[in-house]
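Asker: this one's structure only:
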């Protein structure tokens, strides 16, 4: 804690890593590529989960749970899917250990080999659609609107806490519909839910768009996404919503009888967000002093630090603040009174700054006498004195203001870092000098996209849904283009 | 649904299996031993989770997340633990698949073999205590009160939905303390939380006790448990809370400096309940018509079925019940209006009975005219007419009454099926004739316990915490015994 953080401007990657560690959010597990999400980090994730879960339920979805293991053969059933997912997977081959003959520890029992290997789910389309085959017979069974909260594993060699880990937590929605139109509507609805969550709760502005063919989910007809811009000028894909067409229905033979009794394949969608959102949240708002949390996702929204000399004063303050705490709790504010007598106020201030608590109240003997508290907001560092009378209303307003300010600040940053490029030269120059989002014309081919990626490391983040029609020429090939697409280097 | 259930009295096992299937709670997954928890079943589990999670937080615990995979060597670090858990495990040996040379599907890439095999967690003591080593330095870091909600895998050959499956969902609390007394207090506190949850929410009476050495958790000094009696006279262990002593602290070298600066090993506890509780809930209350759910855990507490002829009447009823629905929702009652025009009321009645909805309202044209509804309770099947005026209060009272009645009924059943045996003959006779709980004297040796188990299949469920001191003689060996212990055949 006391070590301080590297500066973002000097070493952004080191800043991120140290921040995650020092703010007690997560750490690397002894198993390569896996992470331990520590209680403070998990508290933020729980708030995300709860909020999203409520939003899913409001839009008619229910939760279920499907198995962790997928038979190896299932992965091969959808042609594109197997290419994308049946690669870096954790494979279970045995089901028993036995004592080592040398008496030291345990060994894998060679006789307990599985007939068919099991894959630890990297995503659950295959296992879920194999169940849907039995669940869906007629149009009366549709739509099927199911979500699951689960852990998934995609073997990764180069990992970064929250951003890329072998095991991560996520939710995956898997829906089945009678018509193409309805499935597309669902895909877009969930994209909107994600965008609303990102903007209203994470205070993180996002651009909604559709992926190019090259960046599409393996097995999808269309992949929609929300893209956010981090403070180092790199983009982060924060959520995806896939229109699966009838691909998985065909792969798993899921048909339904329509009202006329005719059989047809079911239309599908899937959509997910993961603990990656934690990385996005951290990188969108935090600063060189530590984490900055939007109030709506902060496990602790208000911390109260007593300024005192001696036990008597501490006790007096403790008694005095009880009324304040009760009033704040009554309106649903998460408040913590830091009564530790093992640390000085300055240490506590720095610690709560590091942990990103949106509002800090400090109260000493004189404050009590004057019926006032010192109020500090984490986002700007501004301090002011406020009367205890009417404090609850004041704090509610302040939390709202912090929430809005963080969004505005992030939006201003994104706007300042979104540029148009009309030639490949200009494109490369912007990328080198500023990074950020670049809007440029593209000829629509994977070939050009890959060339740009290879030469600049920038990828097409998405074709923004609100992209204006505009006659233009591809910055690389000069071929005609009807709208600009969004490029960036990305996490 | 329409098939009807086997009778409990004729084939209890078949009744259970069919009930789980027909009430849409869960089904077997294509992966041997794994289950799919369907939305209706998961809705009940979510209510359990939410309630327990709140209770854990009220008692000072926080959630975190630890990895799914455990390095094989970790399992061997605690001597007793490895004996108990390093047996029927899912073992990950490889991390990559590749396209099959014959072009058909994928195969495990032999070059992607892990240096050390990974075990899919059967329980997380080892991985968590290895993290605690870094988290705990001084008494200031204690107590550490952490819980996680997770999936675990214990390979099982003979599985039954919810009761015994290879993968299951659970929570596992893992706490660390400075003193033995505090750790024992925590172990007992969580046992009390489980008992309160079982009795007040599941309406399932439980006996709190401590396990015999033979039934103890592998690695624990003492295992406390709650035991419930199912309707077929078999016992079900519904939750366990372990006092780990310093066993895992020693195995993973977790020491702390006390206030005097002296180093000592940390004291530990762990405690868990799982989706097994779903099985317990089903078997405690349900009947030959289907599921019976206690109102506090029912995803739908009140269902409203319209009785109508023609679309006009349905529409009129729909409009009429809006006010009722809103009022019920306002006080937090989960209500569902079954507006399906594809099924007749009789079908709907049977379906909601099968699904265990505690209260059913039926409303037809004449009911509307008289401002009344027909109210039926699921537990007793009793019906009565109630005025719409004041209905909300009436339903609230009724739900409370159903909750209490279910508990009382289950308690009466348990009391009627708990018998004392003073000789081995009597013991065997009771077991054969009645099943149920048997209180008998035992000499305290594992030898006698195992003999009884082998000869009768009954095991010591626990030594009840409230067992009276009583001079007696072991029913098998005649050796002296100070209190009766609880025997039963068990799930």
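Answerer: Perfect, I can see it now. Since this is a predicted model, take the numbers as computed values, not measurements. Residues are numbered from 1 along each chain as shown, chains lettered A, B, ... in the order given.

Asker: Pull out the buried residues from stretch A:155-170.
Answerer: A:155-156, A:159-170 (16 or more other CB atoms under 10 Å in any protein chain shown). Any C-beta I mention is one placed from the backbone N, CA and C, and that applies to glycine too.

Asker: Take the residues you listed and keep only those in strands.
Answerer: A:167-170 (DSSP state E).

Asker: and chain B, which of the residues you listed reach it?
Answerer: When contact is defined as CB under 8 Å from any CB of the partner chain, these meet chain B at A:167, A:169.

Asker: what's the most distant pair in the ones in strands among the buried residues of stretch A:155-170?
Answerer: A:167 and A:170 (10.3 Å; CB to CB).

Asker: Show me whatever sits in contact with both of the two.
Answerer: A:151-152 (CB atoms under 8 Å, 6 or more residues apart in numbering or on different chains).

Asker: so how many other residues sit close to residue A:340?
Answerer: Using other CB atoms under 10 Å in any protein chain shown, residue A:340 has 13 other residues around it.

Asker: can you pull the pLDDT of it?
Answerer: Here the pLDDT value assigned to residue A:340 is 92.

Asker: any idea whether it is helix, strand or coil?
Answerer: Residue A:340 falls in the coil class when you classify it by DSSP: H, G, I helix; E, B strand; the rest coil.

Asker: That one is in contact with residue A:348, isn't it?
Answerer: Yes - using CB atoms under 8 Å, residue A:340 is in contact with residue A:348, at 7.3 Å.

Asker: just to revisit the earlier point, of all the buried residues of stretch A:155-170, which comes closest to chain B?
Answerer: Comparing the buried residues of stretch A:155-170 against chain B with CB to the nearest CB places residue A:155 closest, at 4.4 Å.

Asker: residue closest to the middle of chain A?
Answerer: residue A:277 (1.6 Å; CA atoms, centre = their mean).

Asker: So that one lies in a helix, does it not?
Answerer: Yes - checked against three-state DSSP, residue A:277 lies within a helix.

Asker: which ones are touching it?
Answerer: A:48, A:198, A:202, A:238-239.

Asker: Can you tell me which of these is closest to chain B?
Answerer: Nearest member of these to chain B, counting by CB to the nearest CB, is residue A:48, at 12.9 Å.

Asker: what helix or strand does the closest one sit in?
Answerer: helix A:39-58 (DSSP states H and E).

Asker: wait, doesn't residue A:42 sit right on residue B:64?
Answerer: Yes - applying CB under 8 Å, one finds residue A:42 in contact with residue B:64, separated by 4.9 Å.

Asker: so where is the stretch 1-150 of chain A shaky, pLDDT-wise?
Answerer: Applying pLDDT under 70 to the stretch 1-150 of chain A flags the ranges A:1-3.

Asker: repeat that with 90
Answerer: For the stretch 1-150 of chain A, residues meeting the criterion pLDDT under 90 lie at A:1-4, A:32, A:75-87, A:99-106.

Asker: Do a quick rundown of the strands in it.
Answerer: Assigned by DSSP state E, counting those that start in this stretch, the strands in the stretch 1-150 of chain A fall at A:26-28, A:35-37, A:62-63, A:69-71, A:91-94, A:97-99, A:106-108, A:113-120, A:144-153.

Asker: Would you format these as TSV with distance to residue A:364 and mean neighbour count included?
Answerer: Output for the strands of the stretch 1-150 of chain A, formatted as TSV (distance: least, CB to CB, whole Å; neighbours: other CB atoms under 10 Å in any protein chain shown):
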stretch	distance to residue A:364	mean neighbour count
strand A:26-28	35	19
strand A:35-37	36	26
strand A:62-63	48	18
strand A:69-71	58	25
strand A:91-94	59	22
strand A:97-99	60	18
strand A:106-108	59	19
strand A:113-120	54	19
strand A:144-153	45	21
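
Asker: Tabulate those strands in a markdown table, adding columns for distance to chain B.
Answerer: Listed next are these as a markdown table, based on distance: least, CB to the nearest CB, whole Å:
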| stretch | distance to chain B |
| --- | --- |
| strand A:26-28 | 8 |
| strand A:35-37 | 4 |
| strand A:62-63 | 4 |
| strand A:69-71 | 5 |
| strand A:91-94 | 4 |
| strand A:97-99 | 5 |
| strand A:106-108 | 5 |
| strand A:113-120 | 6 |
| strand A:144-153 | 6 |
